[in-house]
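Q: Fold the following, please.
(chains A and B)
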Amino acid sequence: MGLYKKYSGKLKYKGKIRNVILAAVLFTIALVTLFPIYYMAISSFGAPTEAGGASYSLIPKHFTLDSYKFFFSFSTYSFRWLLNSLLVASVVTISNVIFATLAGYAFAKLRFPGCKVFFFVLLVAMMVPYQVTQVPLYILIVNVLKIQDTYMALVAPTLVTCYNVFLAKQFFTSLPTSIIESAKIEGCSQPMIVWKIVVPLSKTILSVMAIMTFLGEWNTFFWPFLVCNSESMQTIQVGLKNFSFANTTYFAPMMAGATISALPMFILFFSLQKYFLEGVTVGAVKG
Amino acid sequence: MKKMKKEAMWAYVFILVPLCTFIVFTLYPVISAAVISFQKYKPLGSEWVGLDNYINTFKNGLFYKALKNTLVYSIITVPVSMLLSFMISIMILPFRKKLQSVFKAAFYLPAIASGVALSFVWKWIYDPLPSGLLNNVVKMFGLSNQNWLGSQKTAMLSLIIMAVFAGLGQNVIIYTAALLGIDSTYYEAADIDGATFFQKVRYVVWPIVKPTTVFLTITGVINGFQSFQNAYLMTGGGPDNATTMAGLLIFNRAFTYFEYGEACAQALILAAIIAVFAVLQFKLSSGDVEY
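A: The predicted structure is shown next:
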């Protein structure tokens, strides 16, 4: 028994009809949500001509990769934008997983003076709106440290986020303490406990963390936009924005750029869908 | 005793990097923001101006307009997205796991595309020309041509529609997870009492998923209050500041006019408003949540 009535015997067809109707409604909604993405991909294969309303068609009439060529020839750095994004997102992801694991383990399983205070501070930090920190951070990076247009500036503020530490701590708390205790008795050092016991038991949650962090970094616009002025240091999202502001009338190349920026994440999503879907709920269920 | 000390030492080593990151990139900026909000920022030594930045902010009509816009945006986007995704999650329920995943993926895909990329597409969807996509759709319903992003009437609506679609997938996934966690005995009890489908949704499902609803509302409102990117990329706050929201207002103060002091003052006011809202929502809703 569930929320929906179960039809049996001769009335089975009723359940079938109900499911077909529900599926049809869901399918329609899915069409609407997927439409912008479909439209983006389709239009990117159009010719890179200056066009207003002329290029509106839902079914591709021509198929050409010229718009992609147009996008990559717009700036000598177009390709580098992708590499920058890849590099920054990778470094941030790796450092987040490593440091969030260590700190999460410390907060979940180790006792030390100040443990509660530090963790509380972490929780409060998660709730600070970025608007509060944006100006001082900008001054710090650009005026004080003078490291604008460097990878350091892009990576440093998100080296490890409070959210990820919180996530790791929440999960590690549920690991049985007895295993860790027995490892300690066997003479296992703390770093070894993390590496040999905690990490193997938490592969799923750590993968989820890695994927969600990578996705967030790849798509992030605001911070790279603030601290990267030189074209060679921009990430794909910032480069894309500049490309679009310089080529407002070139419809197909804009869509080509948009597709390029989104495609790596789509590929990642379809190959690791399970982790993505889990990643969305993981913060919510315990929150 | 010695063992205990060793454990504590390792703990400090483990939290060292997050702690340093936190001090340099969160704690210091927050304190610094509070200080800057009482100053007029100059590269070579700022000038103390007392409460001027706050007074100017409260005297500024645009500040209230931005707050109002932010409020309208959040208050419409969050419940609409919530209700839609709740209904979708209910509809997804009778299907097999595989099919559920397909639908969830379809709804979630827009959240994976970058906001910048999506803003381009939506800009063209909202093309004001009669040949524009959405204009073609509304024509089928007998409505006249709209200047979607360019008119004060529809600009905010356009941003809201976009936000609802982008956020739908996430809410659907979270709601579905909550719905799947409902024990079937609840439904059985309701069946014995002769409850109809809609009664079951209203009196069984809705109260049980209430913690999820509360969570989604609070995070939704917090995010809504901080929204910046779509307004910046789509309308630039126009027309006539009809879509200037707090996030954009503060950004412009800081990085268009370089009034760092005022920007920080506004940001702190916004933070206070968000905090009050979050606490209020939590208090209001936790009263009748039953776990």
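
Q: Output the below-cut-off pLDDT ranges for the chain.
A: I'll assume chain A. Residue ranges of chain A with pLDDT under 70: A:1, A:50-57, A:283-287.

Q: was after chain B, sorry
A: Residue ranges of chain B with pLDDT under 70: B:1-4, B:286-291.

Q: nearest spatial neighbour of residue 177, skipping sequence neighbours?
A: All of this refers to chain A. Excluding its sequence neighbours, the residue lying closest to A:Thr177 (C-beta to C-beta, 6 or more residues apart in numbering or on different chains) is A:Lys109, at 6.6 Å. To be clear about C-beta, it is placed using only N, CA and C from the backbone, and glycine gets the same treatment.

Q: that's the wrong chain, I meant chain B
A: Using C-beta to C-beta, 6+ apart, the closest residue to B:Ala177 is A:Thr281 (4.4 Å).

Q: Which strands and helices lie in contact with the host helix or strand of the one you found?
A: Taking DSSP states H and E as the definition, A:Thr281 sits inside helix A:273-286. Packed against helix A:273-286, as judged by 3 or more C-beta pairs under 8 Å, 6 or more residues apart in numbering or on different chains; DSSP states H and E, are the following elements: helix A:162-173, helix A:203-219, helix B:97-112, helix B:155-180, helix B:210-226.

Q: all helices for the stretch 51-200 of chain A, in order.
A: With DSSP state H, counting those that start in this stretch as the definition, the stretch 51-200 of chain A shows helices at residue ranges A:66-74, A:78-109, A:115-126, A:130-138, A:151-155, A:162-173, A:177-185, A:190-193, A:199-201.

Q: In terms of secondary structure, what does the second one contact?
A: Other helices and strands packing on helix A:78-109, by 3+ C-beta pairs under 8 Å, 6+ apart, are helix A:66-74, helix A:115-126, helix A:151-155, helix A:162-173, helix A:203-219, helix A:236-246, helix A:251-271, helix B:2-22.

Q: wait, which of the ones you listed is closest to B:Ala278?
A: Ranking the helices and strands packed on helix A:78-109 by their distance to B:Ala278 (criterion: C-beta to C-beta) puts helix A:115-126 first, at 11.7 Å.

Q: re earlier: as TSV, the helices and strands packed on helix A:78-109 with mean neighbour count would be great.
A: Formatted as TSV, the helices and strands packed on helix A:78-109 follow (neighbours: other C-beta atoms under 10 Å in any protein chain shown):
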stretch	mean neighbour count
helix A:66-74	18
helix A:115-126	15
helix A:151-155	19
helix A:162-173	22
helix A:203-219	20
helix A:236-246	21
helix A:251-271	22
helix B:2-22	17
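
Q: what's the closest of the ones you listed to A:Lys10?
A: Of all the helices and strands packed on helix A:78-109, it is helix A:251-271 that lies closest to A:Lys10, at 41.5 Å by C-beta to C-beta.

Q: And chain B, is that closest one touching that?
A: Yes - with C-beta under 8 Å from any C-beta of the partner chain as the criterion, chain B is reached by helix A:251-271 at A:251, A:254-255, A:257-259, A:261-262, A:265-266, A:269-270.

Q: can you check stretch A:198-210 too?
A: No - if you take C-beta under 8 Å from any C-beta as the test, stretch A:198-210 misses chain B, and the best it gets is 11.0 Å.

Q: thinking again about what came up before, make CSV out of the helices and strands packed on helix A:273-286 and add distance to A:Ile21.
A: Below are the helices and strands packed on helix A:273-286 laid out as CSV (distance: least, C-beta to C-beta, whole Å):
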stretch, distance to A:Ile21
helix A:162-173, 39
helix A:203-219, 34
helix B:97-112, 15
helix B:155-180, 19
helix B:210-226, 26
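
Q: Nearest approach to B:Ala8 belongs to which of those?
A: Of those, nearest to B:Ala8 by C-beta to C-beta is helix A:162-173, at 16.9 Å.

Q: Is the closest one positioned near chain B?
A: Yes - using C-beta under 8 Å from any C-beta, helix A:162-173 reaches chain B at A:162, A:165.

Q: contact partners of that helix?
A: Applying C-beta atoms under 8 Å, 6 or more residues apart in numbering or on different chains, the external contacts of helix A:162-173 come out as A:96-97, A:99-101, A:103-105, A:107-109, A:119, A:122-123, A:125-126, A:198, A:202, A:205-206, A:209, A:213, A:282-283, A:286, B:18, B:22, B:26.

Q: Residue nearest the middle of the chain, spatially speaking?
A: Using chain A here. For chain A, A:Leu215 is the residue whose C-alpha lies nearest the centre (C-alpha atoms, centre = their mean; 1.9 Å).

Q: Switch to chain B, please.
A: The centroid of chain B falls nearest to B:Asn223 when counting by C-alpha atoms, centre = their mean (2.6 Å).

Q: Regarding stretch B:125-135, how distant is the last residue from the first?
A: One end of stretch B:125-135 sits 8 Å from the other (C-alpha to C-alpha, to the nearest Å).

Q: chain center to that stretch, what's the gap?
A: Between the centre of stretch B:125-135 and the centre of its chain there are 27 Å (C-alpha atoms, centre = their mean, to the nearest Å).

Q: Mind listing what's buried along it?
A: Residues of stretch B:125-135 classed as buried: B:125-127, B:132-135 (neighbour count, 16 or more other C-beta atoms under 10 Å in any protein chain shown).

Q: Check stretch B:23-34 too.
A: For stretch B:23-34, by 16+ other C-beta under 10 Å, it's B:24-27, B:29-30, B:32-33.

Q: just to revisit the earlier point, do you know which of the helices of the stretch 51-200 of chain A lies nearest A:Asn219?
A: helix A:78-109 (9.0 Å).

Q: Just want the angle from the closest one to helix A:236-246.
A: Using axes from the mean of the first three to the mean of the last three C-alpha atoms, to 10 degrees, one finds that helix A:78-109 and helix A:236-246 are set 140 degrees apart in direction.
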